[in-house]
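Asks: all I have is the shape, not the residue letters:
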């Protein structure tokens, strides 16, 4: 099944974009990095070449300056005026003369030292002794003063006494020089284009770099080819520098090239390369994303269609169009599969619907069990019989749903062998007992899976009741017939033998006994006939407007001998206006006779039986209340079923066919009324039924 992966690097879109970006990045790295390195190296070489060229130019300038100072010293020593003033000892005039020469020669110091290297006259008083001591050979010197240690470029020339014929130097020597200070460094920068610094023992003493001090020096060489090449950083600005010595006493000169522009150029080049790479990568990503979208969208729709199919949605066609032939072929194959599945599923649904309909129509209950005895299927028939719903029993043990009665065994032990069956008495969900005819079977799935046990059962409680009661019914019917017949036979025999000898009271008692026997037989025969008519479906009533008081009076007259015999009293509680009911008089009298007969039969002697009537919502409710033992609430509904006889008694043996109340219910229901049973306060039962009032029709 197609499945579109999420944004985890494995989706088609991510892979295609990565496929476009990777060559771009590799190409940029393969070409850009060497190019950047070559350009960087070329810029470095040019920068160091410029530094080297500046160093040579600076050395040449120092040599030229040194030559100029030497020439000034020679010219000054050969001036006749100087010799004359020196010879005359005119120091003031000599100082003025030297100051004039110093100003014209662009010098910073001029002095005359005697042959013992002591200053005779000097234009700079603070450093005269040190200058005379340092000017023996001339060159570059650092001269310590009170506050500073300036660097001087000095030249000394002996003064010859040419006019007096003395030796050269007899008059002393002329020392001229320039101070190598900040101004000198700035002049050197102006001439070379590079920053200039003078250092004494690697300590800057004069520089054209503002803020330069010893902390900024970098003494480590940065190139193996030139040990005097160093790098500097002043105020966060980088410099390439080169040093060269001026003397053997630690005095050196340094030229420095500002490379901030070069570094910035290198950075711009790197950023340009990176930006170009990113732009090309973005373009490649866009192209890859565009192409991936063209492929990914139909694949995504295919994945959605496949997901819908996996969830059972076969109604939506797989309509995916793509310029990629393989995607189109997959979509067509998926659509063909969907159509086939839809057709197959429709057939399976039809077959399942037919099977479900067939199972619904079967009144028997069907249950299947797994190897652990758990219920896996529960038919509608099983629901109707047991009162359990399918959702309540699926997955539950058979022993928890079916509870056998009076066997001491559990339901799983009573499962019949395949092809066999037997009857089991169980307790249903509502507490009612039922007899189930159970047949066992063994189901083996066609795919060879685990076999299951199937149970088919039906409720045969009524049939069993009929069978159980048949003997009792026949015995009761026989007794019901034999008792009055025996009494009738005895009474008739007594009349035949002793009629002339019997008193009128004795004759009346015999006639009452005959009447009660005939009444009992008549009631029994009526109930048997009505029950048979109901069972055959031929039972009918013929309701018409009838006077309820007449119906009650006829029933009382019929049962009065029985009541008199047992000393029972009958109380009639009727409304002031006797209602006219819509009823079949004969059938209604039969209802009252059955109810009064039961009230007399189960009530104690000399007790009171009450007949009442009340009107409510176009219905007349007739009640018959006795003082018998009463009927438990859980058996109220069962009392109106055929053959129902409870184990209750008033101390006397009671017989009967168990048909009277079922006939009562059938007659009342045929009139459109209801029957019921209530407990009577103080003991006993109240049987009632309703009839339509004529005014309500």
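Replies: Okay, I see it. A quick note: this is a predicted structure, and the numbers were derived from the prediction, not measured.
Asks: please make it C-alpha for all contacts and neighbour counts, starting now.
Replies: Will do.
Asks: neighbours of residue 408, just the number please.
Replies: Using other Cα atoms under 10 Å, the number of residues around residue 408 comes to 8.
Asks: cool, and the one 5 residues further on?
Replies: Residue 413 has 8 neighbouring residues, counting by other Cα under 10 Å.
Asks: can you classify residue 388 by secondary structure?
Replies: coil (DSSP: H, G, I helix; E, B strand; the rest coil).
Asks: wait, doesn't it sit right on residue 427?
Replies: No. Contact between residue 388 and residue 427 fails when scored by Cα atoms under 8 Å: they sit 11.9 Å apart.
Asks: just the element for residue 283, please.
Replies: If you go by DSSP states H and E, residue 283 is part of helix 260-310.
Asks: who are the packing partners of that helix?
Replies: Helix 260-310 sits against helix 12-77, strand 237-245, helix 325-361, with contacts defined as 3 or more Cα pairs under 8 Å, 6 or more residues apart in numbering; DSSP states H and E.
Asks: distance from the chain centre to that helix, please.
Replies: 32 Å (Cα atoms, centre = their mean, to the nearest Å).
Asks: go on, stretch 555-567?
Replies: For stretch 555-567, the distance from its own C-alpha centre to the chain's C-alpha centre is 81 Å (Cα atoms, centre = their mean).
Asks: can you pull the buried residues of that stretch?
Replies: For stretch 555-567, a neighbour-count test (16 or more other Cα atoms under 10 Å) marks 555, 556, 558, 559, 560, 561, 562, 563 as buried.
Asks: secondary structure element for the fourth one?
Replies: Using DSSP H and E, residue 559 sits in helix 548-566.
Asks: what's downstream of that helix, the next helix or strand?
Replies: strand 569-573.
Asks: now that next one against helix 548-566, angle please.
Replies: For strand 569-573 against helix 548-566, the angle by axes from the mean of the first three to the mean of the last three Cα atoms, to 10 degrees is 160 degrees.
Asks: who's the closest residue to residue 423 other than its chain neighbours bridged to?
Replies: The spatial neighbour of residue 423 that comes closest, neighbours along the chain excluded (Cα to Cα, 6 or more residues apart in numbering), is residue 437 at 4.4 Å. Beta-bridge partners recorded for residue 437 (DSSP bridges): residue 423, residue 458.
Asks: give me the mean pLDDT for the helix holding residue 559.
Replies: Averaging pLDDT along helix 548-566 gives 87.
Asks: who's in contact with it?
Replies: Helix 548-566 is contacted from outside by 512, 515-516, 519, 569-570, 578-581, 585, 588-590, 592-593, 596-597, 600, 605-606, using Cα atoms under 8 Å, 6 or more residues apart in numbering.
Asks: residue 77 contacts residue 176, doesn't it?
Replies: No. Contact criterion Cα under 8 Å: residue 77 and residue 176 do not qualify, at 10.0 Å.
Asks: between these two, who's got more neighbours?
Replies: Per other Cα under 10 Å, whichever of residue 77 and residue 176 has more neighbours is residue 176, with 32 against 23.
Asks: after the helix or strand containing the more buried one comes which helix or strand?
Replies: Using DSSP H and E, residue 176 sits in strand 168-179. Using DSSP H and E, the helix or strand that directly follows strand 168-179 along the chain is helix 182-192.
Asks: and that next one with strand 168-179, angle?
Replies: Relative orientation of helix 182-192 and strand 168-179, computed by the same axes, to 10 degrees: 80 degrees.
Asks: what angle sits between the helix or strand just after helix 182-192 and helix 182-192?
Replies: Sequence order places strand 195-200 as the next helix or strand after helix 182-192, per DSSP H and E. Relative orientation of strand 195-200 versus helix 182-192 (the same axes, to 10 degrees): 140 degrees.
Asks: give the buried residues for strand 195-200.
Replies: Neighbour counts over strand 195-200 (16+ other Cα under 10 Å) mark 195, 196, 197, 198, 199, 200 as buried.
Asks: make a markdown table out of those residues and add distance to residue 263 and pLDDT.
Replies: Shown next, in a markdown table, are the buried residues of strand 195-200 (distance: Cα to Cα, whole Å; pLDDT from 0 to 100):
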| residue | distance to residue 263 | pLDDT |
| --- | --- | --- |
| 195 | 18 | 90 |
| 196 | 21 | 91 |
| 197 | 22 | 90 |
| 198 | 26 | 88 |
| 199 | 26 | 87 |
| 200 | 30 | 86 |
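Asks: arrange the residues you listed in TSV, one row each, with distance to residue 356 as further columns.
Replies: As requested, the buried residues of strand 195-200 are exported to TSV (distance: Cα to Cα, whole Å):
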residue	distance to residue 356
195	105
196	108
197	108
198	111
199	110
200	113
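Asks: closest one to residue 676 out of those residues, please.
Replies: Residue 676 lies nearest to residue 195 out of the buried residues of strand 195-200, by Cα to Cα, at 127.0 Å.
Asks: distance check, that closest one against residue 63.
Replies: From residue 195 over to residue 63 the distance is 18 Å, taken as Cα to Cα, to the nearest Å.
Asks: what's the answer for residue 376, then?
Replies: Separation of residue 376 from residue 63 (Cα to Cα): 115 Å.
Asks: quick check: domain ranges of this structure?
Replies: Using automatic domain parsing, the domains assigned to the chain come out as 78-179, 196-257, 365-459, 537-696.
Asks: residue 662: which element?
Replies: Per DSSP H and E: helix 660-670 holds residue 662.
Asks: list the buried residues of that helix.
Replies: For helix 660-670, by 16+ other Cα under 10 Å, it's 660, 661, 662, 663, 664, 665, 666, 667, 668, 670.
Asks: report how many residues lie close to the residue lying closest to residue 259 once chain neighbours are set aside.
Replies: Distances taken as Cα to Cα, 6+ apart place residue 239 nearest to residue 259, at 5.4 Å, with adjacent residues excluded. Counted with other Cα under 10 Å, the neighbours of residue 239 add up to 19.
Asks: go on, residue 235?
Replies: Around residue 235 there are 11 residues (other Cα under 10 Å).
Asks: and the helix holding residue 283 with strand 237-245, angle?
Replies: 140 degrees.
Asks: low-confidence ranges in the stretch 451-600 of the chain?
Replies: Residues of the stretch 451-600 of the chain meeting the criterion pLDDT under 70: 451, 465-466, 468-491, 493-502, 506-510, 512-517, 519-538.
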